[in-house]
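Colleague: Prediction below, plus the sequence it came from.
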Amino acid sequence: MTTVKPLGRNYSLRARISKIVLIFSILLVSFYTTMLAMLYEWGLSDATHGIVWQEALLFKQAYQKDHDAPLPNSQTLKGYIGEDNLPKEILQWYPHRKWHKWGADEEGLIYRFNKNPGTESHYHLLISHLPDTSERLFIFYTITVSDAVAEKVWRKFKLLAIVGGILVIAMLLVFKTTIARALRPITSLSRWIDKLDQTSPPEQLPRNIQADEIGQMADSLYNALKRIHQYNERERQFLRNASHELRTPIAIIRNALDVLEYKRKIGNDEIDSLVQRIRRAGDTMKSVTEAILWLAIENYSAPSKQATCLKTLTRDIIEENQNLNEGKQVSLNLNLDALGTQEMEAALAHIVLDNIIRNAFQHCGDGAISIQAIASNSLEIVNCNHSYSYVSPRPQDAAQALVTGSFGLGLTLVQKITEKQGWQFSFHVDDHQATARIRF
């Protein structure tokens, strides 16, 4: 069986998400800063190139109308027709090899940068084809910026980059906090699972688990654990009930076998009654087992109904449990004549009556036990000198003690059978006597 080791600090989900967020933050800030620089350069380039192209377009339009149209001529922008007319200082920046392979209709703009003491210069040379001539049009555009102005521009750029980076980092910190907050329910759920005890039902889910995907998973897990606990509880209850209910028939069989062995030794062959008693105990074990399975397993078929004489059944049960009164001064008052025959589950009726009568015998001190038929399908058992360790006279306390098994597993089993069958069962106890009533 493979076991999962406890997570270390570096292998936890929180640590891995933190690393991913950190790496993503660095990459995003680097990408943001790089793109900001590129956008600055692209914007500056588009602005200056747009001026040069616009001047070239305007001159070519004027040249088509008048070949003597004046060329652009200002301090920063100058125009030339023909390569031979270019000044040497321009040619030294843009040698012929830059454009001598261009086609007749090909045009473009060449950029150069030069750093001077205290200034920086940006040179742009546009080479374009003039209509109706083989000569080329050259537009030379110069921008000279002082270091103070350039520094001011870059200072703004750096400030923008820093502010943007801070905003990105702040956004990622919020993202990390949100992830950490989202992981808290998982941590709480893990601690809740560690505290689970197979002998008790699962506790309520932690309060910080919300109705989201994690909450749905936790709720499904909680319901599954409840079902598993209920199943295990039914299994444990089945074993308890089986061990409790099968003791009497097993004891009867063993006692009958001892008597059989003794009679065989002394040569007494009158064993029919003992064989019948063993057979009856075996049938009781079979019926009890089916009844307990019916209680413990859902959708298990109920024991079959048959005509049952309650009077005979009650007398047989009293006889089988008489040994519990040995060594005690117990007087038994019986009045069972009113009991009749009823179509019912005999196995369940046997378990109910056997547990009520056995419980009365076991918890009786020296005194009287009254077993009276109050109707053809009703019986009352009164223990006039009980030995229950119970001090509260309130009926609701007695009912609660009955459910929890404080008066013995037998009466708890009776309670479950009568509730499932729809029979009426009540148990009352005070300082003087305990009274059980059953109505089938």
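Modeller: On my side now, so go ahead. Because the structure is a prediction, the values reported are computed rather than measured. Numbering: from 1, shown residues only.

Colleague: leaving aside the residues next to it on the chain, what's closest to residue 72?
Modeller: residue 79 (4.1 Å; C-beta to C-beta, 6 or more residues apart in numbering). Any C-beta I mention is one placed from the backbone N, CA and C, and that applies to glycine too.

Colleague: which ones are touching that neighbour?
Modeller: With contact set as C-beta atoms under 8 Å, 6 or more residues apart in numbering, residue 79 has these partners: 55, 59, 71-73, 137-140.

Colleague: Select the longest helix from this structure.
Modeller: Using DSSP state H to define each element, the chain has its longest helix at helix 13-65.

Colleague: Packing partners of it?
Modeller: For helix 13-65, the elements it packs on are strand 77-81, strand 108-116, strand 119-129, strand 136-146, helix 147-194, judged by 3 or more C-beta pairs under 8 Å, 6 or more residues apart in numbering; DSSP states H and E.

Colleague: of the ones you listed, which approaches residue 320 most closely?
Modeller: helix 147-194 (48.8 Å; C-beta to C-beta).

Colleague: Tell me how far that closest one lies from the chain's centre.
Modeller: Mean-position distance between helix 147-194 and its chain equals 30 Å (C-alpha atoms, centre = their mean, to the nearest Å).

Colleague: same check, this time on stretch 258-277
Modeller: Counting by C-alpha atoms, centre = their mean, stretch 258-277 comes out at 64 Å from the chain centroid.

Colleague: try stretch 318-326
Modeller: The chain centroid and the centroid of stretch 318-326 are separated by 55 Å, computed with C-alpha atoms, centre = their mean.

Colleague: what does stretch 210-222 give?
Modeller: Relative to its chain's centre, stretch 210-222 lies at 4 Å (C-alpha atoms, centre = their mean).

Colleague: what's the answer for stretch 329-344, then?
Modeller: Relative to its parent chain, stretch 329-344 has a centroid offset of 56 Å by C-alpha atoms, centre = their mean.

Colleague: What sits closest to residue 334 if chain neighbours are left out?
Modeller: Leaving aside its sequence neighbours, residue 334 sits nearest to residue 371 (C-beta to C-beta, 6+ apart; 5.3 Å).

Colleague: Quick one: low-confidence residue ranges for the stretch 201-350 of the chain.
Modeller: Applying pLDDT under 70 to the stretch 201-350 of the chain flags the ranges 234-248, 298.

Colleague: Going by residue numbers, what spans are strands in it?
Modeller: Using DSSP state E, counting those that start in this stretch, the strands found in the stretch 201-350 of the chain span residues 305-309, 330-335, 341-345.

Colleague: could I get these as a markdown table with mean neighbour count and distance to residue 293?
Modeller: Output for these, formatted as a markdown table (neighbours: other C-beta atoms under 10 Å; distance: least, C-beta to C-beta, whole Å):
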| stretch | mean neighbour count | distance to residue 293 |
| --- | --- | --- |
| strand 305-309 | 13 | 17 |
| strand 330-335 | 14 | 33 |
| strand 341-345 | 16 | 13 |
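
Colleague: of all those, which lies closest to residue 285?
Modeller: With C-beta to C-beta as the yardstick, what comes closest out of these is strand 341-345 (16.2 Å).

Colleague: so what does the closest one touch, helix or strand wise?
Modeller: strand 305-309.

Colleague: now residue 331, nearest residue through space, not along the chain?
Modeller: Distances taken as C-beta to C-beta, 6+ apart place residue 368 nearest to residue 331, at 4.7 Å, with adjacent residues excluded.

Colleague: partners of the one helix or strand the one you found maps to, with directions?
Modeller: Assigned by DSSP states H and E, residue 368 belongs to strand 367-375. Here strand 367-375 is paired, per DSSP bridges, with strand 330-335 (parallel), strand 378-383 (antiparallel).

Colleague: Name the surrounding residues that touch the first one.
Modeller: It refers to strand 330-335. 318, 325, 361, 364, 366-373.

Colleague: Quick one: which of the residues you listed has the lowest pLDDT value?
Modeller: By pLDDT, residue 366 ranks lowest within the contacts of strand 330-335, coming in at 76.

Colleague: State the distance from residue 335 to residue 321.
Modeller: Using C-beta to C-beta, to the nearest Å, residue 335 is found at 18 Å from residue 321.

Colleague: sorry, back to before: report the buried members of the contacts of strand 330-335.
Modeller: 318, 325, 361, 364, 367, 369-373 (16 or more other C-beta atoms under 10 Å).

Colleague: residue contacts, the residue nearest the centre of the chain?
Modeller: The C-alpha lying nearest the average C-alpha coordinate of the chain belongs to residue 218 (C-alpha atoms, centre = their mean; 2.1 Å). Applying C-beta under 8 Å, 6+ apart to residue 218 gives the contacts 185, 189, 205, 209.

Colleague: what's the third one in contact with, if anything?
Modeller: Just to be clear, that refers to residue 205. Listed by C-beta under 8 Å, 6+ apart, the contact set of residue 205 reads 189, 192, 218-219, 222.

Colleague: Figure out which of the strands of the stretch 201-350 of the chain is closest to residue 23.
Modeller: Distance to residue 23, taken as C-beta to C-beta, is lowest for strand 341-345 among the strands of the stretch 201-350 of the chain, at 71.2 Å.

Colleague: and the angle from the closest one to strand 305-309?
Modeller: 140 degrees (axes from the mean of the first three to the mean of the last three C-alpha atoms, to 10 degrees).

Colleague: Can you report how many residues lie near residue 275?
Modeller: 11 (other C-beta atoms under 10 Å).

Colleague: let me redo that: residue 60
Modeller: 15.

Colleague: Check whether it really touches residue 132, as I assumed.
Modeller: No: using C-beta atoms under 8 Å, residue 60 is not in contact with residue 132; the gap is 10.3 Å.

Colleague: Please look at residue 28 and residue 172 and confirm they touch.
Modeller: Yes: with contact taken as C-beta under 8 Å, residue 28 and residue 172 are classed as touching, separated by 7.2 Å.
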